[in-house]
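Asker: Sequence first, then the predicted structure, then my questions.
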Amino acid sequence: MAKANLEWRGDFDNHELNALHAEAFGHPVLDAEDWAGRVRSHSLGWVTAREGQDLIGFVNVAWDGSVHAFILDTMVKEGKKRQGLGTNLVKEATKRARAAGCEWLHVDFEDKLHSFYYSACGFQSTPGGLIKL
């Protein structure tokens, strides 16, 4: 794999991020999703990964405006997975959240991602709760 260019608050257009999200989470492309507006309004920042002009990875860092940040929507393009890109996206997000003064970085994930978040990214297990709305 050629070295991906990671960028904090990197530019992207809705179409390319909608396509990446659909691929990463297994659903049809939802062209109506306004990712750019949403992350600019609600996020501390995000990390984009590009190979040339192609968006090959993304992670969103939402926050409470104070000391808690939240990893959301970690995505890596098919064919680029299991090469360290997802780990590098999360590490950059972690570095940027720390630099912004956040004290805690939260994540929730499916069981199949346990090794990725705990072993590769360094998260620790904590009690938590969830209500499906």
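Answerer: Arrived safely, thanks for sending. It should be emphasised that the depicted structure is a prediction, and the values quoted were computed from it without experimental measurement.
Asker: for the helix or strand of the chain with the lowest mean pLDDT, which positions count as buried?
Answerer: Least confident helix or strand, the chain: helix 35-42 with a mean of 92, by mean pLDDT, DSSP states H and E. Of all the residues in helix 35-42, those buried under the rule 16 or more other C-beta atoms under 10 Å are 35, 39. Any C-beta I mention is one placed from the backbone N, CA and C, and that applies to glycine too.
Asker: ok, now how distant is the spatially most central residue of the chain from residue 43?
Answerer: With distances taken as C-alpha atoms, centre = their mean, the residue of the chain nearest its centroid is residue 59 (1.6 Å). According to C-beta to C-beta, to the nearest Å, residue 59 stands 10 Å off from residue 43.
Asker: Could you report the neighbour count for residue 106?
Answerer: Residues lying near residue 106 (other C-beta atoms under 10 Å) number 16.
Asker: isn't residue 77 right up against residue 58?
Answerer: No: the pair residue 77 / residue 58 is not scored as a contact, 9.4 Å apart, by C-beta atoms under 8 Å.
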